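*Asks:* fold the following for me, if possible:
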Amino acid sequence: MTTTPGAPSGAPGGPAAPGAHGAAIAKPWPALWSLVVGFFMILIDTTIVSVANPKIMEGLDTDINAVIWVTSAYLLAYAVPLLITGRLGDRFGPKNLYLAGLTVFTLSSLWCGFAGSIEMLIVARIAQGLGAALMTPQTMAVITRIFPPDKRGAAMGIWGSVAGVATLVGPILGGVLVDGLGWEWIFFINIPVGVIGFVLAMRFVPKLDTHQHSFDILGVVLSAIGMFLLVFGIQELGSDDLSTGAKWGMIAGGIVVLVLFVVWQALNRKEPLLPLKLFRDRNFSLANGAITAVGFTVTSLSLPLVFFFQVVYGFSPTQSALMLVPMAVISTGLAPFVGRRLDTMNPRNFAIIGTGLLSVALFLYSWMLGPDVSWGWLLIPSAIMGVANAFMWAPISNTATRNLAPQQAGAGSGVFNTTRQIGAVIGSASIAALIESRLAAELPAMPGGGQFSEASLGSGALPDVLKEGFTNAMSQALLLPAFGALVAALVVVWFAKPKRREGWGAGAGNRTGSLSLTDAAVETAGQPVVGGAGAAAAGAAPVEAVEAVTGSHDLTSKG
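*Replies:* Numbering: from 1, shown residues only. Model prediction:
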C-alpha cells in the first residue's frame, strides 16, 4: 500500500480506520507480549548454538573456525540489513515486516535442523539472520509508538529484560536439547514457537502509520561489503587458510569501505540509510557505543566457558549450561526491580553497576579457571553476571530511545539494533581468532597441530596431560570479553542525566510514572491501573489518543 508521508495506513493518503489506533493506546500490553515471543526466539538463537558447538563439530566433522562461522554468519546476516529493515518497517508497516521476518526465520530454522553439512548449516543460518533482521527493528519501533510516555519506560524495561534473559536461557535450553534430542533440535524448537508468535502477532499487534521512504542502495552495498571484509578478516586471523597479508588486507579494506559508507551518509541529503543527525543526541550516541561493547562481550564470553566446562571438566552440554543457572535466576529476579525504577531514577547509575559487574565477573572467571578448581567456585562469577545483566540491558536501551520522536522510531531502532549486532558479530569473529591463536601457543606439541586438537574438542576426549594448556588458552581468551565489558562501563559513565518530562519521572497520581510487571498483567486483561498512569491514558480524548500513536505530536517533548 502506498501512503503519503505521515498519512495513516487505513487508506491511501486518508485517515486511519476507526478505532485502529485508539485500541492500540488503550491496550498496548497484549501487543508487547506478542512481540516478545518472536524477539525472545531470535535473541536465544544468538546464544543457543554456543553450547552445541562441540557436538556440531563432532556431528558434521569440522573444526573450530568453521563451526564458529555458524554463529558469525548468522550475526553478520542479522546486522547488515538492520539499518534498512527499520526503514522498511516505516514504509510498509512494522506489523507486515515483523510477520514476514518471523516466517523467514521459522522456515530457515527447519532448514538448519535438516542441514547435513557445515556449509549447508552456514547458508541456512544466513537465511535465519535475514529473517531476524526483518523482525528486530519492528519490535522496538512498535513499542515506542504504541506506548504513551508514562508507560514507555516500563515497556522498554520489559523489552530490555527479554534481551538479557534470552542470552542466559539460550545456553541452558541448548544444553538440554543437545543432550536429550541432538543438536538439530536447537533449531527445530523454533518451529512451534514461531507459529505461536505469528498467530499472536496477527491478533494483537496493531497496524500503524506508514511513511514513504527512499532507499539508500549504495549505503546498503557499502555497509555489507565493509562488514563482511572486516569480520572475515578478523575471524581468519587464527587460521592458516590465508596469508597474514591477506587477512590484514581484508581488515583494512573493510575499515576503509566502512569509512566511505559514513562519508556517503553525510553527503546523502535525500534520505540516508544511517541518519547521522540522530547522533547529535549525546545519550543516543553513547548508548549505541555501550550496546556495541555489550554485544561484543556477551557473544564472545560463552565460547571459552562452554569449551572449558565440556573439555576440561567433562561436563555434558546440559551440565555446562547449568553452570549459568545462578546468572539466569538472579537476572530474572532483579530485572523487574530495575524496570520499575527507570522512570524515576537515573538509568546511568544502573548501567554503570551492570557493565562494571560484568567486567568484574569475567576477570574473575579468567583468574579462577583451572583443571583442579572445584566447579562450585565458578558459580560465584556466574551469580555476579546475573546482577550485571539485570542492571545493564534495560537502562541502556531506555537511554538510547528516550529522546526519539515517534517518526524516528524505525530509523533509531534500526541503528541501535545494528550497533548491538555489529558488536556481536565482531565479538564472535574475534573470540574465534583468539581461541585458535592461544590453542596453537599453549598446545604446540600436539600431533597434527591445531586440526587434531579441534577434533579432540569435538569428541570431548582431551588427554589429561593437555588440560592445563587448554585451560590457559581459555583463561586468556576470557580476557577479551572482560575488557569489552570494561569499555562499556567507561562509556555509560558519560550518560547525561535525563530531563524530567511529563511521564518520564514526573509521576502521575500516586504512581511513579512506571508500571510493574504485575501492573502490566492487570492491564493485559483490559483493566486500567487504578489511580495510575494507565488510568489517565485510558481516559484520554479519542483525538489525543490517535495523535499519540500516529506521531502527530512528539510524545517525548511534552511538558
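*Asks:* just the element for Leu490, please.
*Replies:* If you go by DSSP states H and E, Leu490 is part of helix 479-492.
*Asks:* equivalent analysis for Val263, please.
*Replies:* helix 244-267.
*Asks:* now do whichever helix or strand comes after that helix: distance to the chain's middle.
*Replies:* Sequence order places helix 282-307 as the next helix or strand after helix 244-267, per DSSP H and E. Relative to its chain's centre, helix 282-307 lies at 9 Å (CA atoms, centre = their mean, to the nearest Å).
*Asks:* mind listing what's buried in helix 282-307?
*Replies:* For helix 282-307, the neighbour count (16 or more other CB atoms under 10 Å) marks 283-284, 286-307 as buried. For glycine as for every other residue, the C-beta is placed from the backbone atoms N, C-alpha and C.
*Asks:* the helix holding Leu490 to helix 282-307, inter-axis angle?
*Replies:* Put simply, helix 479-492 runs at 160 degrees to helix 282-307, going by axes from the mean of the first three to the mean of the last three CA atoms, to 10 degrees.
*Asks:* who are the packing partners of helix 479-492?
*Replies:* Using 3 or more CB pairs under 8 Å, 6 or more residues apart in numbering; DSSP states H and E, the elements in contact with helix 479-492 are helix 282-307, helix 347-368, helix 379-401, helix 409-442.
*Asks:* how many degrees apart are the third one and helix 347-368 in direction?
*Replies:* Right, the one you point to is helix 379-401. Using the same axes, to 10 degrees: helix 379-401 against helix 347-368 is 150 degrees.
*Asks:* quick one, domains of the protein?
*Replies:* The chain breaks down by automatic domain parsing into domains covering 27-215+273-492, 216-272.
*Asks:* and those domains, which is most packed in?
*Replies:* Most buried of these, by mean neighbour count (mean count of other CB atoms under 10 Å): domain 27-215+273-492, with a mean of 22.
*Asks:* what is the end-to-end distance of it?
*Replies:* 33 Å (CA to CA, to the nearest Å).
*Asks:* starting at the chain centroid, how far to it?
*Replies:* 5 Å.
*Asks:* circling back to that earlier point, ok, and what's touching the helix holding Val263?
*Replies:* 216, 218-219, 222-223, 225-234, 236-237, 242, 272-274, 276 (CB atoms under 8 Å, 6 or more residues apart in numbering).
*Asks:* repeat the analysis, applying 7 Å as the threshold.
*Replies:* With contact meaning CB atoms under 7 Å, 6 or more residues apart in numbering, helix 244-267 is reached by 218-219, 222-223, 225-227, 229-230, 232-234, 236-237, 272-274, 276.
*Asks:* then stretch 372-386?
*Replies:* So stretch 372-386 is contacted by 313, 323-324, 326-331, 357-358, 360-361, 364-365, 368 (CB under 7 Å, 6+ apart).
*Asks:* let's go with 6 Å and repeat that
*Replies:* In this structure, residues lying in contact with stretch 372-386 by CB atoms under 6 Å, 6 or more residues apart in numbering are 324, 326-327, 330-331, 357, 361, 364-365.
*Asks:* check whether Thr344 sits in a helix, strand or coil.
*Replies:* Recorded secondary structure, Thr344: coil (DSSP: H, G, I helix; E, B strand; the rest coil).
*Asks:* could you check how far it is from Ala154?
*Replies:* 11 Å (CB to CB, to the nearest Å).
*Asks:* now tabulate the helices and strands packed on helix 479-492 in JSON lines and tack on mean pLDDT and distance to Ile48.
*Replies:* Converted to JSON lines, the helices and strands packed on helix 479-492 look like this (pLDDT from 0 to 100; distance: least, CB to CB, whole Å):
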{"stretch": "helix 282-307", "mean pLDDT": "91", "distance to Ile48": "10"}
{"stretch": "helix 347-368", "mean pLDDT": "94", "distance to Ile48": "20"}
{"stretch": "helix 379-401", "mean pLDDT": "89", "distance to Ile48": "16"}
{"stretch": "helix 409-442", "mean pLDDT": "82", "distance to Ile48": "14"}
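*Asks:* closest one to Thr106 among those helices?
*Replies:* helix 409-442 (19.6 Å; CB to CB).
*Asks:* next, give phi and psi for Pro94.
*Replies:* phi -60, psi -30 (degrees, to the nearest 10).
*Asks:* what distance do you get for it to Ile396?
*Replies:* Pro94 is 22 Å from Ile396, by CB to CB.
*Asks:* what do you get for Thr418?
*Replies:* 15 Å.
*Asks:* touching, Phe296 and Phe483? I think so.
*Replies:* No - here Phe296 lies out of contact with Phe483, judged by CB atoms under 6 Å, at a distance of 9.6 Å.
*Asks:* with adjacent residues omitted, what lies nearest to Ser72?
*Replies:* Ser428 (4.6 Å; CB to CB, 6 or more residues apart in numbering).
*Asks:* do Leu200 as well
*Replies:* Ser34 (3.9 Å).
*Asks:* show me what secondary structure element comes after the helix or strand hosting that neighbour.
*Replies:* Here Ser34, judged by DSSP H and E, is contained in helix 29-44. Counting by DSSP H and E, the next helix or strand C-terminal to helix 29-44 is helix 53-60.
*Asks:* just the C-alphas of that following helix, formatted as PDB.
*Replies:* What follows is helix 53-60, C-alpha atoms only, in PDB (Å, rounded to 0.1, in the frame of the first residue of the first chain):
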ATOM      1  CA  ASN A  53      29.400 -26.200  19.100                       C
ATOM      2  CA  PRO A  54      31.400 -29.200  20.300                       C
ATOM      3  CA  LYS A  55      28.600 -31.600  19.200                       C
ATOM      4  CA  ILE A  56      28.200 -29.800  15.900                       C
ATOM      5  CA  MET A  57      31.900 -30.200  15.300                       C
ATOM      6  CA  GLU A  58      31.700 -33.900  16.000                       C
ATOM      7  CA  GLY A  59      28.500 -34.500  14.000                       C
ATOM      8  CA  LEU A  60      29.500 -32.600  10.900                       C
END
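*Asks:* what packs against it?
*Replies:* Using 3 or more CB pairs under 6 Å, 6 or more residues apart in numbering; DSSP states H and E as the contact definition, the elements that helix 53-60 packs against are helix 64-79, helix 450-459.
*Asks:* now that helix: average pLDDT?
*Replies:* Mean per-residue pLDDT for helix 53-60: 84.
*Asks:* and if you look at stretch 31-44?
*Replies:* 84.
*Asks:* name the helices or strands packed onto the strand or helix carrying Gly131?
*Replies:* Taking DSSP H and E as the criterion, Gly131 maps to helix 118-146. Contacts defined by 3+ CB pairs under 6 Å, 6+ apart place helix 118-146 against helix 29-44, helix 64-79, helix 82-92, helix 94-114, helix 409-442.
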